[in-house]
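> just to be clear, the model below is a prediction. Sequence and coordinates:
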Amino acid sequence: MITTLLIANRGEIACRVMRTAKALGIRTVAVHSAIDRNARHVREADMAVDLGGAKPAESYLLVDKLIAAAKASGAQAIHPGYGFLSENAGFARAIADAGLIFLGPPATAIDAMGSKSAAKALMEAAGVPLVPGYHGEAQDLETFRTAAERIGYPVLLKAAAGGGGKGMKVVERESELAEALASAQREAQSAFGDSRMLVEKYVLKPRHVEIQVFADSHGNCLYLNERDCSIQRRHQKVVEEAPAPGLSPEIRKAMGESAVRAAQAIGYVGAGTVEFLLDERGDFFFMEMNTRLQVEHPVTEAITGLDLVAWQIRVARGEALPITQEQVPLIGHAIEVRLYAEDPDQDFLPASGRLALYREAGAGPGRRVDSGVAEGDEVSPFYDPMLAKLIAWGETREEARQRLLAMVDETAVGGFKTNLAFLRRVLAHPAFADAELDTGFIARHQEQLLPAPAALPQAFWQMAGEAFRQSEAERVRGDDPHSPWNRNSGWRAGLPSETDLHLTCGGERHVIRLRGTAASPIQLKGERITLEQDGLRRQHLAIRRGETLYLEWDGELRNVERVDPIEEVEASHAHHGGLTAPMNGSIVRVLVEAGQKVEAGTALVVLEAMKMEHSIRAPHDGVVKALYCGEGELVNEGTALVELEEA
């Protein structure tokens, strides 16, 4: 019997699990770190338990505290979500030992498939084709160097116990191997508590196709079609869709049956995903098995009409799967995009801060938004930067694509950079519309997907100025509502009324002179501003928050700030020769010391943010004049880290 469920996770997956649990009449319990105290998943739960700390290792990864929270709240079961401890066999065992129910596979199955190395060995024994690689126990640099030479560069380093792009590095040549291996091991240790790595041949122009499997405790196992997750950056999925475009029924059946055999071989129970690389000839290679619910499970739900979290709960209760393989539906097409707090113009550096503006796409047929935030929430640098997932379904792929584009256009986020405009460019790209998919898609179309910033035209600035002016409330004297002295229109006796607005956006500065009070071709009504030119009327989103205007232009929401030229003090993130933190985070390695000579490209400091490492490198040859940070220190974006003098 499960009447109360604890979700050992945060963000959108916690909110998503709660939604199904509540629909089934189950009470929900949230856990949270100290800085997540007011997070959305906490607000939506029936009960909440404070784990303390900030970083995952101080909160969401503490097994004893999670089990104690379950017992204190009266929960009979724990859902691990994805990430954190979701694929940790020790966590599954601890839950069972505590007399609680784990909404995931048995610990033995996690042991078998949780390690990529062990999983590949199992698949090799089962005759499933593998990508050439090394999956052994030895973890020294020389072993990996020998394996990489045998396999042939480029090679891919992967965390043996992880996923989601954490601890994963592409190595193009032998000279890069040592630094890449050390960095990948640190990322893996930080994210999964396990630094073990494997290396395999980096397959060129592959598609990433995965099979959703589901098994119960009665020996039944089936596959719920497949998903194409080829649109990736940094080995992390950006766009997912189901079914995989162009996949023949024969290949679907072969991959699905292989995935089921893999699950049955390890006594699997619950939801899992078997991931394959698919080449241009239709050959597929086993990559890994994720022993948990995946981020992209909503597209499978959309094309099958099934609720996979409800299935997880029913299987955990001991019930049998409700349908057979022959009854698995495949209806229409679904596409999902992941909305991240990150800056595509700065190599997708994670962003953090307060969500000053957050608007989700409107509800309707074929539309779904899974999110874990709300306007006013704080986005921390300690966790994954995903804010939400936008999912669209259609009877055809093109219908789903167009619907998802409309949802992206309706979404508004302000307060920090996001990948929203980038997602729109991906979905609108002709190659994506034609389903020309592989894992090199973003790199191949980088010029169109990540265009160099262009100067904003006069029409944009004029629209921004009018939006500010028309949104201003007139200051009127109570004793004389018609007095011109209390209006902010710039009226002056004997002179034409005019107002100068000093605006800034994306590093550009502009002064807009607004003259007169006559009707303007630009009109603001509510949160829409309309520009009429040559008989054509266009609408743009325009939302005011204090001295910030969020104005849509060319499919992107721009932050326009009004500045006071008298009071403004020009700020600089660093003094001459200084290198600064590109984001909020913590210093994990300081690789140089004061007085040291370095060459251009040398890694000076390693910063960790959103569970990923980022190296601060020397932009030129020089000498380290001073260090302003230490290992373990938390730093804010713009903090000076290193002062470097040119040689």
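Good, I have the coordinates. Numbers count the residues shown, from 1 in each chain.

> going by C-alpha atoms from here, please, whenever you check contacts or count neighbours.
Noted.

> where does the stretch 351-500 of the chain have low pLDDT?
Low-confidence segments of the stretch 351-500 of the chain (pLDDT under 70): 473-498.

> ranges for the helices of it?
Here the stretch 351-500 of the chain has its helices, by DSSP state H, counting those that start in this stretch, at 397-410, 420-428, 430-433, 441-444, 446-449, 458-471.

> so which of these is nearest Leu541?
helix 397-410 (8.9 Å; C-alpha to C-alpha).

> circling back: got JSON lines for the helices of the stretch 351-500 of the chain, with distance to Glu375 too?
Written out in JSON lines, the entries for those read as follows (distance: least, C-alpha to C-alpha, whole Å):
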{"stretch": "helix 397-410", "distance to Glu375": "15"}
{"stretch": "helix 420-428", "distance to Glu375": "16"}
{"stretch": "helix 430-433", "distance to Glu375": "31"}
{"stretch": "helix 441-444", "distance to Glu375": "30"}
{"stretch": "helix 446-449", "distance to Glu375": "28"}
{"stretch": "helix 458-471", "distance to Glu375": "21"}
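
> with mean neighbour count and distance to Glu187 as extra columns, can I get these in CSV?
Converted to CSV, those look like this (neighbours: other C-alpha atoms under 10 Å; distance: least, C-alpha to C-alpha, whole Å):
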stretch, mean neighbour count, distance to Glu187
helix 397-410, 20, 32
helix 420-428, 20, 26
helix 430-433, 14, 32
helix 441-444, 16, 23
helix 446-449, 14, 26
helix 458-471, 19, 42
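
> for those, which one sits closest to Val299?
Comparing these by their distance to Val299 (C-alpha to C-alpha), the top pick is helix 397-410, with 10.8 Å.

> which of the helices of the stretch 351-500 of the chain sits closest to Ala302?
Ranking the helices of the stretch 351-500 of the chain by distance to Ala302, with C-alpha to C-alpha as the measure, places helix 397-410 first at 10.8 Å.

> Val42: which element?
For Val42, the element it lies in under DSSP states H and E is helix 40-44.

> that helix: what's the following helix or strand?
Sequence-wise, the next helix or strand downstream of helix 40-44 (DSSP H and E) is strand 47-50.

> give me the low-pLDDT residue ranges for the stretch 151-300 of the chain?
Counting by pLDDT under 70, the stretch 151-300 of the chain contains low-confidence residues at 163-164.

> let's see that with 90 instead.
Counting by pLDDT under 90, the stretch 151-300 of the chain contains low-confidence ranges at 151-152, 154, 160-167, 190-193, 201-206, 233-236, 262, 265, 279-288.

> count the neighbours of the nearest residue to Ala316 once chain neighbours are set aside for me.
Leaving aside its sequence neighbours, Ala316 sits nearest to Leu103 (C-alpha to C-alpha, 6 or more residues apart in numbering; 5.9 Å). Here the neighbour count serves as a burial measure; for Leu103 (other C-alpha atoms under 10 Å) it reads 27.

> ditto for Thr639
Neighbouring residues of Thr639 were enumerated by other C-alpha under 10 Å; the total is 18.

> same check, this time on Thr439
Thr439 has 21 neighbouring residues, counting by other C-alpha under 10 Å.

> so Pro245 sits against Ala435, correct?
Yes: distance between Pro245 and Ala435: 6.5 Å, which falls inside the contact criterion (C-alpha atoms under 8 Å).

> tally of neighbours for the closest residue in space to Ala89 that isn't next to it in sequence?
Nearest non-adjacent residue to Ala89, counting by C-alpha to C-alpha, 6+ apart: Ala107, 4.6 Å away. Under the neighbour criterion other C-alpha under 10 Å, Ala107 is assigned a count of 23.

> Val63 versus Ala107, what's the distance?
14 Å (C-alpha to C-alpha, to the nearest Å).

> repeat for Gly90
With distances defined as C-alpha to C-alpha, the gap from Gly90 to Val63 amounts to 9 Å.

> kindly report the same for Gln189.
Separation of Gln189 from Val63 (C-alpha to C-alpha) stands at 17 Å.

> try Arg227
For Arg227, the distance to Val63 - C-alpha to C-alpha - is 32 Å.

> and those two? Which one has more around it.
Neighbour tally, Arg227 and Val63, criterion other C-alpha under 10 Å: the higher count belongs to Arg227, 25 against 17.

> what about the more buried one, which SS state?
strand (DSSP: H, G, I helix; E, B strand; the rest coil).

> any idea what it is bridged to?
According to DSSP bridges, Glu210 are recorded as the beta-bridge partners of Arg227.

> now do the strands in the stretch 251-400 of the chain.
Remark: strands assigned in the stretch 251-400 of the chain by DSSP state E, counting those that start in this stretch are 270-278, 284-290, 333-340, 342-343, 349-350, 353-354, 357-359, 367-371, 378-379, 386-394.

> in JSON lines: those, plus distance to Tyr202 and mean neighbour count.
JSON lines is the format used below for the strands of the stretch 251-400 of the chain (distance: least, C-alpha to C-alpha, whole Å; neighbours: other C-alpha atoms under 10 Å):
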{"stretch": "strand 270-278", "distance to Tyr202": "11", "mean neighbour count": "25"}
{"stretch": "strand 284-290", "distance to Tyr202": "11", "mean neighbour count": "23"}
{"stretch": "strand 333-340", "distance to Tyr202": "25", "mean neighbour count": "26"}
{"stretch": "strand 342-343", "distance to Tyr202": "26", "mean neighbour count": "19"}
{"stretch": "strand 349-350", "distance to Tyr202": "24", "mean neighbour count": "23"}
{"stretch": "strand 353-354", "distance to Tyr202": "36", "mean neighbour count": "15"}
{"stretch": "strand 357-359", "distance to Tyr202": "39", "mean neighbour count": "15"}
{"stretch": "strand 367-371", "distance to Tyr202": "33", "mean neighbour count": "20"}
{"stretch": "strand 378-379", "distance to Tyr202": "34", "mean neighbour count": "20"}
{"stretch": "strand 386-394", "distance to Tyr202": "27", "mean neighbour count": "23"}
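
> nearest to Pro206, of those strands?
Ranking the strands of the stretch 251-400 of the chain by distance to Pro206, with C-alpha to C-alpha as the measure, places strand 270-278 first at 5.7 Å.

> what does that closest one rub up against?
103-105, 206-216, 259, 284-294, 308, 312, 315-316 (C-alpha atoms under 8 Å, 6 or more residues apart in numbering).

> try 7 Å
Outside of strand 270-278, the residues within contact range by C-alpha atoms under 7 Å, 6 or more residues apart in numbering are 104-105, 206-216, 259, 284-293, 312, 315.

> what lines up beside it in the sheet?
In the sheet containing strand 270-278, the strands it pairs with under DSSP bridges are strand 207-215 (antiparallel), strand 284-290 (antiparallel).

> which one, of those, ends up nearest to Gly535?
strand 207-215 (46.6 Å).

> what does the closest one rub up against?
Contacts to strand 207-215, defined as C-alpha under 7 Å, 6+ apart, come from residues 221-230, 256, 259-260, 268-279, 437-439.

> quick check on the residue nearest to Ala341 when sequence neighbours are not counted: phi, psi?
Counting by C-alpha to C-alpha, 6+ apart, the nearest residue to Ala341 once its immediate chain neighbours are dropped is Thr418, at 4.5 Å. Here the main-chain torsion angles of Thr418 (degrees, to the nearest 10) amount to phi -140, psi 170.
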